[in-house]
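Trainee: Kindly return the folded structure for what I paste below:
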Amino acid sequence: MESRPFTFRVNQDQWNLTVKGSGKAFLLLFHGYGQRCESFKYWEEVLAERYTFVQVDLAFHGQNALGSFADTFDAQYAKAWFQAILQCVGATQIDLLAYSIGARVAQFVAHHNVQHVGRLALLAPDGLPVRQGYRLITQTLMGNWLFKAFVHLPHIAYSGIFVAERLRLISGKTASFYRFEIASKAKREQLFNTWMFYRNCQLSASDLAVLAQQIEGGVEIYLGQYDAVLPPKETMLYLKKHQVACRTFSLELGHNLLSEKAVRKWVQTHTHEKSGFGAA
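Mentor: Alright, predicted model coming up:
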């Protein structure tokens with residue numbers, strides 16, 4: 001597919017984006033932590049007939065890895081950021097497809113630009129609910145100090161992971177995932193910068209419920225049945241408790257819903273779908 005690069009600014013921050021394809025509708029992609037938008041290549045293959053893809057890597061990732069990003073991604077920033085993307089692609093409405101932490105950012109963006117969002121599809125979404133540990137280290141002075149210290153003193157984080165695993169607060173697979181993500185100073189700096197930049201991307205349960213009602217094309221959530229990083233049971237209980245009116249689908253997979261296998265599962269699930277995400 002032909003690629004067309006664009007750049008735009010929000011305050012002092014410069015962003016790079018790429019537009020690919022020739023479908024009638026636009027689809028904005030939000031990848032997961034440590035990835036880039038190319039991670040959606042299998043999704044792009046099956047959705048190419050319907051969509052033109054708008055690829056914008058997260059801050060401190062991919063094409064936007066070297067940005068300074070002095071601001072934080074708050075409500076005002078989210079509005080300006082999304083409006084700049086609309087102007088770049090010449091659209092008034094865009095569908096959103098988002099994975100993991102990207103799904104948390106996408107929910108926040110959709111909430112503050114709901115009139116310009118056609119459909120919202122979330123894959124293994126982070127932030128349903130937002131974990132208390134994340135709130136602690138990103139929203140409190142003491143948490144910020146500890147979080148910044150762990151970049152240079154990783155034994156703090158390794159000790160926390162060890163204790164959480166021994167107390168069975170997290171699974172062995174989740175512990176291994178976290179250890180891998182903080183294995184080098186560069187990885188720890190990326191984690192710190194990313195989490196702090198997007199720390200305001202948190203929707204209350206009531207805001208999420210309203211968002212699900214406001215989006216014209218609806219909200220669809222796809223969960224990995226064996227996801228050890230973001231257990232689907234917690235997400236389902238959260239959605240049910242707060243009466244979030246969305247469509248949910250369970251796929252016989254783990255956390256990685258961007259793989260070729262995951263896309264095949266999705267295609268099988270939607271063989272007879274006449275409406276919703278990906279439908280013509």
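
Trainee: okay, now A186: neighbour count?
Mentor: Neighbours of A186 under the rule other CB atoms under 10 Å: 9. Every residue, glycine included, has its C-beta placed from N, CA and C.

Trainee: Just read off the phi/psi values of it.
Mentor: phi -60, psi -40 (degrees, to the nearest 10).

Trainee: Please report how far it lies from F277.
Mentor: 35 Å (CB to CB, to the nearest Å).

Trainee: Quick check: next helix or strand after the helix or strand I85 falls within?
Mentor: Using DSSP states H and E, I85 sits within helix 75-89. Remark: after helix 75-89, the chain's next helix or strand is strand 94-99, criterion DSSP H and E.

Trainee: what kind of secondary structure is the residue nearest to F40 when sequence neighbours are not counted in?
Mentor: Spatial nearest neighbour of F40, excluding adjacent residues (CB to CB, 6 or more residues apart in numbering): L29 at 5.0 Å. Following DSSP: H, G, I helix; E, B strand; the rest coil, the label given to L29 is strand.

Trainee: Look at L29 and say how many residues are nearby.
Mentor: Counted with other CB under 10 Å, L29 comes out at 27.

Trainee: Beta-bridge partners for it, please?
Mentor: Q55, L97 (DSSP bridges).

Trainee: Mind listing what's buried along stretch 252-265?
Mentor: For stretch 252-265, the neighbour count (16 or more other CB atoms under 10 Å) marks L253, G254, H255, N256, L257, L258, A262, V263, K265 as buried.

Trainee: now swap in stretch 120-132 and tell me
Mentor: Buried, per 16+ other CB under 10 Å, within stretch 120-132: L120, A121, L122, L123, A124, P125, D126, G127, L128, P129, V130.

Trainee: okay, these in CSV with pLDDT, secondary structure and distance to K240 next?
Mentor: As requested, the buried residues of stretch 120-132 are exported to CSV (pLDDT from 0 to 100; DSSP: H, G, I helix; E, B strand; the rest coil; distance: CB to CB, whole Å):
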residue, pLDDT, secondary structure, distance to K240
L120, 97, strand, 19
A121, 96, strand, 20
L122, 97, strand, 16
L123, 97, strand, 19
A124, 96, coil, 18
P125, 96, coil, 15
D126, 93, coil, 18
G127, 88, coil, 16
L128, 91, coil, 11
P129, 86, coil, 12
V130, 81, coil, 17
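
Trainee: If anything else comes up later, I'll come back, but that's it for now.
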